[in-house]
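> mind looking at a prediction? Sequence and model below.
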Amino acid sequence: MRTVTVRKNLWPFGSSSAPKKKTARSSMTIGQAMKKAYAAGKASGDTGLFHSWLSDSGLADRSDTLISRLQREYDRGFEDSIRGEREASRKTPVGKGLTYKRQRIVATEDGWKLTGRFDDGTVFDTPQDARNFIDSWNKANPKRRCA
């Protein structure tokens, strides 16, 4: 086993210490911070982005209790956004459909399905997912395009 000796300068002058970063502390009240956390969670696509949002908003130096309350609010906003997307996709009545590049996209109880050529049982969450699939099919198969 090899031992390495590290020497440190005892005197502060002459040493090259790294400059300390100053972070701006937020002047938001608790109520404002809770509203911002909810809105950020609702706009976010992932709950793992909470800590980066916390440091960007200048709230990282607050107490652990407040941070946990903000995280719960952030998570609640995220869950509400997911619930809203699910309800929006269910608002379409079963049987109603649309046509995109000569392909029929039909709403079913499970989700959205393509009829005709692509009828392989694939269920899409939203009609936009089905459109993206058709576009990717056209890009991958230029000689067998849908439209």
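Received, thanks.
> Trp53: neighbour count?
Using other CB atoms under 10 Å, Trp53 has 19 other residues around it. The way it works is simple: take the backbone N, C-alpha and C, and place the C-beta from them, glycine included.
> now it, what's its secondary structure?
Three-state call for Trp53 (DSSP: H, G, I helix; E, B strand; the rest coil): helix.
> so how far is Arg69 from it?
14 Å (CB to CB, to the nearest Å).
> residue nearest the centroid of this protein?
Gly45 (1.3 Å; CA atoms, centre = their mean).
> wait, is that residue part of a strand?
No - counting by three-state DSSP, one finds Gly45 to be coil, located in no strand.
> ok, longest helix in the protein?
Taking DSSP state H as the criterion, the chain has its longest helix at helix 64-90.
> show me what it is packed against.
helix 30-43, helix 50-56 (3 or more CB pairs under 8 Å, 6 or more residues apart in numbering; DSSP states H and E).
> Val106 is nearest to which of these?
helix 30-43 (30.3 Å; CB to CB).
> only alpha carbons, please: show the closest one as PDB.
These are the backbone C-alpha positions of helix 30-43, laid out as PDB (Å, rounded to 0.1, in the frame of the first residue of the first chain):
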ATOM      1  CA  ILE A  30     -43.800  30.300   1.500                       C
ATOM      2  CA  GLY A  31     -47.100  30.600  -0.300                       C
ATOM      3  CA  GLN A  32     -45.500  31.900  -3.500                       C
ATOM      4  CA  ALA A  33     -42.900  29.100  -3.300                       C
ATOM      5  CA  MET A  34     -45.600  26.500  -3.000                       C
ATOM      6  CA  LYS A  35     -47.500  27.900  -6.000                       C
ATOM      7  CA  LYS A  36     -44.300  27.900  -8.000                       C
ATOM      8  CA  ALA A  37     -43.500  24.400  -7.000                       C
ATOM      9  CA  TYR A  38     -46.900  23.200  -8.100                       C
ATOM     10  CA  ALA A  39     -46.600  25.000 -11.400                       C
ATOM     11  CA  ALA A  40     -43.100  23.700 -12.000                       C
ATOM     12  CA  GLY A  41     -44.200  20.100 -11.200                       C
ATOM     13  CA  LYS A  42     -47.200  20.400 -13.600                       C
ATOM     14  CA  ALA A  43     -44.900  21.700 -16.400                       C
END
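> many thanks, we can stop here.
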